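Trainee: After the sequence you'll find the predicted model.
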Amino acid sequence: MSEDPFRQFGAWFAEAGRTEPSDPNAMTVATVGEGGRPAARTLLLKGWNEHGFVFYSNRGSRKAQEITGNPQVALLFHWKSLQRQIRIEGAVSPVESTQADEYFVTRPRISQLGAWASEQSRPLASRAIFEERLREVEARFAGQPVPRPEFWSGWRLKPDYFEFWQGADYRLHDRLIFKLNNGNWETGYLYP
């Protein structure tokens, strides 16, 4: 194991990319809403480096509202094929508009249009209404690039805690943690 949590993440993430059958970048994103009620959902990691872990979504979504109210967020990567998981905790902040723009243009056109058509996390009376909104957006942007909507962007989680979990026979797992303390990573182990 590396003494650098980002290097260790990179090694495990690369191995998951080679062995996990689908979406090795899928992660559970856990937030806390009003009254301390937790919520979790699966999103895709779209970038990472020593500055943090980036994901994108609609700024009007439930997760965005919860992040605004409490920027402390947890991520969980689980790779069943490797019997591994990584927990990452820290504070989330918005990415720069230019970074969101750069990512948005890499998305498939239908996904770009879907970002415009969706009022994410709001009640929807029928699928037909959403499909009609999608047709309207397709007509609006016919023959031209689809710009990123202002209400769609990304966040970066700056970690202050990592836990690397390696499954083992008879549930005798290995758990290595990294905690950020005054700018330095302290390591330790947890009982399985």
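Mentor: Cool, got the structure.

Trainee: What are the structural domain limits within the protein?
Mentor: 5-105+151-189, 106-147 (automatic domain parsing).

Trainee: Centre of the chain to the last one, how far?
Mentor: Read it as domain 106-147. Here domain 106-147 is found 22 Å from its chain centre; the criterion is Cα atoms, centre = their mean, to the nearest Å.

Trainee: Over to stretch 167-181?
Mentor: Worked out by Cα atoms, centre = their mean, stretch 167-181 lies 22 Å from the chain centre.

Trainee: what do you get for stretch 156-175?
Mentor: Worked out by Cα atoms, centre = their mean, stretch 156-175 lies 17 Å from the chain centre.

Trainee: Just the terminal-to-terminal distance for stretch 180-192.
Mentor: 22 Å (Cα to Cα, to the nearest Å).

Trainee: can you list contacts of it?
Mentor: Applying Cβ atoms under 8 Å, 6 or more residues apart in numbering, the external contacts of stretch 180-192 come out as 3-5, 159-161, 163, 168, 171-179. Just so you know, the C-beta spots here come from the backbone N, C-alpha and C atoms, and that holds for glycine as well.

Trainee: try it again with 10 Å
Mentor: Around stretch 180-192, the neighbours that count as contacts under Cβ atoms under 10 Å, 6 or more residues apart in numbering are 1-6, 89-90, 158-168, 170-179.

Trainee: Now a PyMOL select for only the buried ones of the residues you listed.
Mentor: A single PyMOL command selects the buried members of these (16 or more other Cβ atoms under 10 Å):
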select buried, resi 5+6+89+90+159+162+163+164+165+173+176+177+178+179
